[in-house]
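>>> Could you work out the structure for the sequence below:
(4 chains)
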Number of protein chains: 2
Amino acid sequence: MTQLKPFHHGDLKRVLFDVALARLDEHGASGVTIRAVAKDAGVSHGAPVNHYKDRRALLTALAKAQFDALLAGIDTRLAELDDDPGARIEIIASAMMDFGFRYPHRYRLLWSADLIDHADAELLSVMDSIYDRLCTEFSKASPGREFDKDTYAVALWSMLHGYVDMRLSRMFEPLNDSISGAPRGKAIIDLFKVFFE
Amino acid sequence: MTQLKPFHHGDLKRVLFDVALARLDEHGASGVTIRAVAKDAGVSHGAPVNHYKDRRALLTALAKAQFDALLAGIDTRLAELDDDPGARIEIIASAMMDFGFRYPHRYRLLWSADLIDHADAELLSVMDSIYDRLCTEFSKASPGREFDKDTYAVALWSMLHGYVDMRLSRMFEPLNDSISGAPRGKAIIDLFKVFFE
DNA sequence: ATTCTCATATAGACACTGTCAATATAATTG
DNA sequence: CAATTATATTGACAGTGTCTATATGAGAAT
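Numbering: from 1, shown residues only, chains lettered A, B, ... in the order given. Next comes the predicted model:
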């Protein structure tokens, strides 16, 4: 109990993070301003600087946490699976797409290079881990294909990201976006299965 | 010559557009502010409102012009081609990818739903035309495939957009991004050829 | 205990931003 | 020439991030 309220406000860093995430979900990244977050947290607009050196640092922390969550979700679902590379790749793909549609603002933040620090070491590290999961499965899938595993991994991730991002932009909503009840996202993944089944 | 200088400043709307585009290329969308654009154009900060009702309208106009240029580029290159659907699809894909890497800030603006009016009728119209080019070729490519032409079109566009967007985010730069000299983007397209060759 | 030091919080200032209202001026129309 | 409309200016307002000076809390050193 010695560490319960380490300072004036308490665990302000955590509070700022939580408040910022709530604002991100509700209003998008543009709603995550230092002053609004400080207000929600009940502190002055100058307080956050002690925990996040600027707005970019705060948003980068949010983004990193999302990549962490995505990776954790992937690993959890992979652990419950057998060794069929095709099924494992499909799980990774589904996890990514689900995350994007479930948390649109969080997902968009991940790729907003103007808002977050794209050179952040921890951020890149988590991204590498996710990329690694894909590569691992593709290398197991079947050796001796026309392209190397990196090309398949990049292509699949590109397709997933592109579909989610364009849909979230709200400028890409094909009229007939379902095929016999299933969303086209599912078909996109099915189509890509050609390469790993 | 009666319309040469229709008003005080001259063709301010055009000047604003050009200045804004220059700022977009140089500083990104965040550098395209009403006040900065007005300053570059040599007018007061209140002048632009007569030609673009707000910042969003200005950015939307920029975006629309880019979609127009992209479509025109595609059509020009298609016109020089024979009837081989595979080659025509590849031309469309290359045109899109080239545009993204050549004008990164313009490309990113196209999908920034928080900056432009994604419901703008003209904008959607141009997008539909581009989408239509893809669908047309896929429908000619070969009937009776596993998926409908829309799925192929969406999948290809998703893959192209995803690859370009992730690369432009500067957070997705696989270590080994060339295959025997050719950029991976080329391999991505080659990989997708499976579906139309 | 008292002092020292550092971490943290506050308050104010500055230069930006978009947008609006009031005003002025230019061009067109009647 | 008068009236109207389109355009441009200016000033204001509420925001924004970030910086500086100042104040305060908390733990360590003496």
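
>>> from here on, contacts and neighbour counts on C-alpha atoms
Noted.

>>> Just give me how far stretch A:109-129 sits from the chain centre.
What separates the centre of stretch A:109-129 from the centre of its chain is 10 Å, taken as C-alpha atoms, centre = their mean, to the nearest Å.

>>> for stretch A:34-49, same thing?
Worked out by C-alpha atoms, centre = their mean, stretch A:34-49 lies 26 Å from the chain centre.

>>> quick one: the lengthiest helix in chain A near DNA strand D?
If you go by DSSP state H, chain A has its longest helix at helix A:55-79. Yes - looking at helix A:55-79 against DNA strand D by C-alpha under 7 Å from any atom of the strand, the contacts come from A:Arg55, A:Arg56.

>>> Could I get the average pLDDT for the helix or strand following that helix?
Proceeding N to C from helix A:55-79, the next assigned helix or strand is helix A:85-102, under DSSP states H and E. Here helix A:85-102 scores 95 as its mean pLDDT.

>>> what about helix A:85-102 and chain B, touching?
No - remark: helix A:85-102 sits outside contact range of chain B, by C-alpha under 8 Å from any C-alpha of the partner chain, the gap being at least 12.4 Å.

>>> Can you give me the buried ones in that helix?
Neighbour-count burial for helix A:85-102, counted by 16 or more other C-alpha atoms under 10 Å in any protein chain shown, picks out A:85-97, A:99-100.

>>> measure A:Val154 to DNA strand D for me?
The gap separating A:Val154 from DNA strand D is 33 Å, by C-alpha to the nearest atom of the strand, to the nearest Å.

>>> A:Arg145: neighbour count?
12 (other C-alpha atoms under 10 Å in any protein chain shown).

>>> Keep only the buried residues of helix A:85-102 that also lie close to DNA strand C.
Of the buried residues of helix A:85-102, not one also sits near DNA strand C (C-alpha under 7 Å from any atom of the strand).

>>> ranges for the helices of chain A?
A:12-27, A:34-41, A:55-79, A:85-102, A:104-110, A:121-141, A:149-168, A:184-192.

>>> Just say which of the ones you listed is most tucked in.
Mean neighbours per residue, mean count of other C-alpha atoms under 10 Å in any protein chain shown, is largest over the helices of chain A for helix A:149-168, with a mean of 24.

>>> Would you mind measuring from the spatially closest residue to A:Ile34 that is not a sequence neighbour to B:Gly28?
Once flanking residues are discounted, A:Ile34 sits nearest to A:Arg55: 6.1 Å by C-alpha to C-alpha, 6 or more residues apart in numbering or on different chains. According to C-alpha to C-alpha, to the nearest Å, A:Arg55 and B:Gly28 sit 18 Å apart.

>>> just A:Lys53 next, same as before
Taking C-alpha to C-alpha, one finds A:Lys53 at 23 Å from B:Gly28.

>>> okay, the two: which has more neighbours?
Neighbours per residue (other C-alpha under 10 Å) separate A:Lys53 from B:Gly28, with B:Gly28 holding more: 18 against 10.

>>> For the more buried one, which residues are in contact?
B:His105, B:Arg106 (C-alpha atoms under 8 Å, 6 or more residues apart in numbering or on different chains).

>>> Please tell me how far it sits from DNA strand C.
Taken as C-alpha to the nearest atom of the strand, the span from B:Gly28 to DNA strand C is 12 Å.

>>> repeat for A:Val19
14 Å.

>>> Verify the stated contact: that residue with A:Val37.
Yes - counting by C-alpha atoms under 8 Å, A:Val19 does reach A:Val37; the two are 6.2 Å apart.

>>> so what pLDDT did the nearest residue to A:Arg167 once chain neighbours are set aside get?
Excluding the flanking residues, the one nearest A:Arg167 by C-alpha to C-alpha, 6+ apart is A:Glu173, at 6.2 Å. Note on A:Glu173: pLDDT of 76.

>>> now A:Glu173: how far from DNA strand D?
Distance from A:Glu173 to DNA strand D, by C-alpha to the nearest atom of the strand: 31 Å.

>>> coming back round to it: I'd like to know which elements the longest helix of chain A is packed against.
Under the contact definition 3 or more C-alpha pairs under 8 Å, 6 or more residues apart in numbering or on different chains; DSSP states H and E, helix A:55-79 sits against helix A:12-27, helix A:85-102, helix A:104-110, helix A:121-141.

>>> Next, format these as CSV and append distance to A:Asp68.
As requested, the helices and strands packed on helix A:55-79 are exported to CSV (distance: least, C-alpha to C-alpha, whole Å):
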stretch, distance to A:Asp68
helix A:12-27, 14
helix A:85-102, 12
helix A:104-110, 11
helix A:121-141, 6
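
>>> For B:Ala155, find the nearest of those.
Among the helices and strands packed on helix A:55-79, the nearest to B:Ala155 by C-alpha to C-alpha is helix A:85-102 (13.6 Å).

>>> Low-confidence bits of chain A, can you list those?
Where chain A drops to pLDDT under 70, the residues are A:1-9, A:143-144, A:174-182.
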